[in-house]
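Asker: Structure of the sequence below:
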Amino acid sequence: MTTQTPHRRPGELVFALLIVVFSVAAFWQSYGISGFSGKTEPGVFPMLASGVMVFSGIAILVSAARQPGPAAQSPGFFAEVLTPRHIILTGLVLGYVLLMPVLGFIAASAVFLFCSFQFLWRKNPLLTLALTAGTLLLIWFIFREVFQVVLPRGTLFAGFL
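Answerer: Below you'll find the predicted structure:
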């Protein structure tokens, strides 16, 4: 019976460091809500949650730093973490964020969901369109009718809707 020493995966150390940085930023933002002024202030729960994130992130960072570097036969950062599929999906998310103020929530979400479903699922476009419409209808019903949230309209269709 052989036991292998676990190796750090490519990019794991950088990702753990980013978790710590994000957690500290979240803690700083939650501190800004009400500071340490009392146990029942509105910022207590966000500070507790982000404090747990900071400690967990540090534990993950220390654990990752203790492991030996990626194995020699490891496929590398770009082959394992930053694949073309991830790059394309990141581009779709970025496009969604940029189109939201212009097209509004419904139209931007429709474009994003259709492109994402079609790219990942690779089925009949009419089936993908039906899935997109059903998903959007469900999201619209939950947010607009149940939670009564006003969804962003966007500048392009502001006069029509």
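Asker: average pLDDT for the helix or strand containing G134?
Answerer: In the assignment (DSSP states H and E), G134 maps to helix 125-140. Here helix 125-140 scores 96 as its mean pLDDT.
Asker: go on, stretch 66-79?
Answerer: The pLDDT scores in stretch 66-79 average 80.
Asker: Likewise for stretch 101-118?
Answerer: Stretch 101-118 carries an average pLDDT of 95.
Asker: quick one, helices of the protein?
Answerer: In the chain, the helices defined using DSSP state H lie at 12-34, 44-66, 77-80, 84-103, 105-121, 125-140.
Asker: circling back: what angle do the helix holding G134 and helix 105-121 make?
Answerer: Counting by axes from the mean of the first three to the mean of the last three C-alpha atoms, to 10 degrees, helix 125-140 lies at 130 degrees to helix 105-121.
Asker: thought R8 was touching L61?
Answerer: No: taking contacts as C-beta atoms under 8 Å, R8 lies outside contact range of L61: 11.3 Å. Every residue, glycine included, has its C-beta placed from N, CA and C.
Asker: just to revisit the earlier point, out of the helices of the chain, which is closest to R153?
Answerer: Proximity to R153 (C-beta to C-beta) singles out helix 105-121 among these, at 7.6 Å.
Asker: Mind giving me the packing neighbours of the closest one?
Answerer: Here helix 105-121 touches helix 84-103, helix 125-140, going by 3 or more C-beta pairs under 8 Å, 6 or more residues apart in numbering; DSSP states H and E.
Asker: Could I get the ones you listed in TSV, plus columns for distance to S50 and mean neighbour count?
Answerer: Shown next, in TSV, are these (distance: least, C-beta to C-beta, whole Å; neighbours: other C-beta atoms under 10 Å):
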stretch	distance to S50	mean neighbour count
helix 84-103	23	13
helix 125-140	28	14
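Asker: Adding distance to F112, write these out as TSV.
Answerer: Putting these into TSV (distance: least, C-beta to C-beta, whole Å) gives the following:
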stretch	distance to F112
helix 84-103	4
helix 125-140	9
